[in-house]
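*Asks:* this is a predicted model, with the sequence first.
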Amino acid sequence: VRLDFDVDGPVNSVYEVHTEEVPAGPENPHGNAYFAKSTRLDRESDAQHTVDSLAGRYWKIVNEDARNFVGEPTGYKLMPKANTVSFAQPGASIRRRAGFIAKNLWVTPYQPEERYAAGDYPNQHPGGEGLPKWTEADRSIEATDVVVWYTIGSLHPARLEDWPVMPVQYAGFMLQPSGFFDRNPALDVPAHANGHHHRNG
């Protein structure tokens, strides 16, 4: 999925966020504390990652020049759902021609000609085109017009129930505002919208 973000304008940065435990001690007397650690991805080589549900990993696209009510940069989260990477060997044809499937996340600076993750002609080129080739330049992705590429791997070992017609298999992700709004945007929903109606008299 090619996501050309413009969060409060075209100049954005991308952070990777994962959860870390706080060691037991004076700052964590009950042993149940943890925090979300944000790391900015400054270059293309920093922004080639896989999902990690055990760390609660997600990515946040922010505008560091636009601030919300509490002074944080406005942003959106890219929240993974069920996902995986390719199990094909590196030398397999699909891995050579669609090299982007080795990672779930890539980030590049916007270039109008960079439209397809596997390059323009994946059935004709011998391999290596698209995201793997473009990111060899290791361009800066800090405070620029970023494009986030999110790869969804739908793991599907065939079942008897899939023959002769395969049922639905869901795949996707969520884009979730994270400090983009100054408060819950549903707070001003009129009372009658939730099923309640008040009459005067």
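*Replies:* Great, that's in hand. Owing to the predicted nature of the structure, the values given are computational and were not obtained by experimental measurement. Numbering: from 1, shown residues only.
*Asks:* need the distance between the two termini of stretch 126-136.
*Replies:* The first and final residues of stretch 126-136 sit 17 Å from each other (C-alpha to C-alpha, to the nearest Å).
*Asks:* I should have written stretch 105-116 there, sorry.
*Replies:* 14 Å.
*Asks:* what's the mean pLDDT across it?
*Replies:* Mean pLDDT, computed over stretch 105-116, is 98.
*Asks:* hey, where'd the strands end up in this protein?
*Replies:* 2-4, 13-21, 34-41, 48-49, 58-67, 73-80, 105-109, 146-150, 173-177 (DSSP state E).
*Asks:* okay if I get these as TSV plus distance to His156 and mean neighbour count?
*Replies:* Placement of C-beta: from N, CA and C, glycine included. Output for the strands of the chain, formatted as TSV (distance: least, C-beta to C-beta, whole Å; neighbours: other C-beta atoms under 10 Å):
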stretch	distance to His156	mean neighbour count
strand 2-4	23	13
strand 13-21	27	17
strand 34-41	30	13
strand 48-49	23	17
strand 58-67	24	20
strand 73-80	17	21
strand 105-109	21	22
strand 146-150	19	21
strand 173-177	18	14
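*Asks:* would CSV of those with distance to Asp138 be doable?
*Replies:* What follows is those, written out as CSV (distance: least, C-beta to C-beta, whole Å):
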stretch, distance to Asp138
strand 2-4, 20
strand 13-21, 15
strand 34-41, 12
strand 48-49, 10
strand 58-67, 19
strand 73-80, 22
strand 105-109, 11
strand 146-150, 15
strand 173-177, 26
